[in-house]
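S.K.: structure of the sequence below:
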Amino acid sequence: MLTIQIDQKKYGNISILKDIKINIEQPGIYGVIGKNGHGKTTLFKCILGLEQFKGNCLLNGEKILLQNAGWAPTEPPIYNELTAKEFYDFYAHLLDLKTFILNEIFKVPEKQLIREFSTGMKKKTYLNAVFQKQFPIYILDEPFNGLDLESNYLLMNYIRKLSNTSIIFISSHILEILYKDCDKIFLLKDKKITEFEKNDFSEIENKLFM
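M.R.: Numbering: from 1, shown residues only. Predicted coordinates for the structure are as follows:
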């Protein structure tokens, strides 16, 4: 079970999140939406312990650690002077994987330097690295940005498979993708969060834009 309680998150004197409470009892796909600047990425970083805040985030009663979560930020940090294969090995070392089999969702040239890749290819490389290990929770911040149609299809199929055993948070501005596959969607607006069940998704856009 995932329990998120953020009483308050501030940057200086500016409050970003307040009275955020989320309880998730089972694996599945959970969407997070909101306008730019309303705290989606901040929420994710709080869950992962990358930001200080008042409150706590617990998975099965324990604090969530970055090494126990699959984290893919909007613009993933990646080393341009490595090849894709070298980056996979480096990331596996960070995860302390003694032995692993690369679960390559996307085909990328493994011996080519990453600095020669397009933005989309860099994102594919990073996601391949993250998916080397199965985590109890994944947080994917705008994972579809920069990917072509086929890559989005492959990624969503893999996310569906993972959601049988893991909690997966996805933020996206492509609402149709979230409507189709999410078990719940959380809307961030004016520092607060509103939870929508699947049969209430039709109300989201009115709440978001009114």
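S.K.: what about residue 104, how many residues nearby?
M.R.: 17 (other Cβ atoms under 10 Å). C-betas here are computed from N, CA, C, even on glycine.
S.K.: tell me the secondary structure at it.
M.R.: Residue 104 falls in the coil class when you classify it by DSSP: H, G, I helix; E, B strand; the rest coil.
S.K.: that one against residue 129, yeah?
M.R.: No: in this structure, residue 104 is not within contact of residue 129 by Cβ atoms under 8 Å, at 9.9 Å.
S.K.: which residues does residue 146 contact?
M.R.: 118, 119, 120, 122, 123 (Cβ atoms under 8 Å, 6 or more residues apart in numbering).
S.K.: help me confirm that it is found in a helix?
M.R.: No: assessed with three-state DSSP, residue 146 is coil; it does not lie in a helix.
S.K.: ok, of the contacts of residue 146, which come out buried?
M.R.: Using 16 or more other Cβ atoms under 10 Å as the burial test, the contacts of residue 146 include 122, 123 as buried.
S.K.: and which of the contacts of residue 146 is nearest residue 156?
M.R.: residue 123 (14.3 Å; Cβ to Cβ).
S.K.: next one: the closest residue to the closest one other than its chain neighbours from residue 34, what distance?
M.R.: Of all residues not flanking residue 123 in the chain, residue 146 sits nearest, at 5.0 Å (Cβ to Cβ, 6 or more residues apart in numbering). Computed as Cβ to Cβ, to the nearest Å, the residue 146 to residue 34 distance reads 20 Å.
S.K.: now do residue 9
M.R.: Counting by Cβ to Cβ - residue 9 and residue 34 are separated by 14 Å.
S.K.: kindly report the same for residue 127.
M.R.: From residue 127 to residue 34 the distance is 23 Å (Cβ to Cβ).
S.K.: also residue 42?
M.R.: In terms of Cβ to Cβ, residue 42 sits 10 Å off from residue 34.
S.K.: check residue 132 too.
M.R.: In terms of Cβ to Cβ, residue 132 sits 30 Å off from residue 34.
S.K.: with residue 19 instead?
M.R.: Counting by Cβ to Cβ, the gap from residue 19 to residue 34 is 15 Å.
S.K.: who has more neighbours, these two?
M.R.: residue 34 (20 against 12).
S.K.: so what's that one up against?
M.R.: Contacts of residue 34 (Cβ under 8 Å, 6+ apart): 40, 171, 187, 188, 189, 208.
S.K.: so what's the residue count around the fifth one?
M.R.: If I follow you right, that is residue 189. Neighbours of residue 189 (other Cβ under 10 Å): 16.
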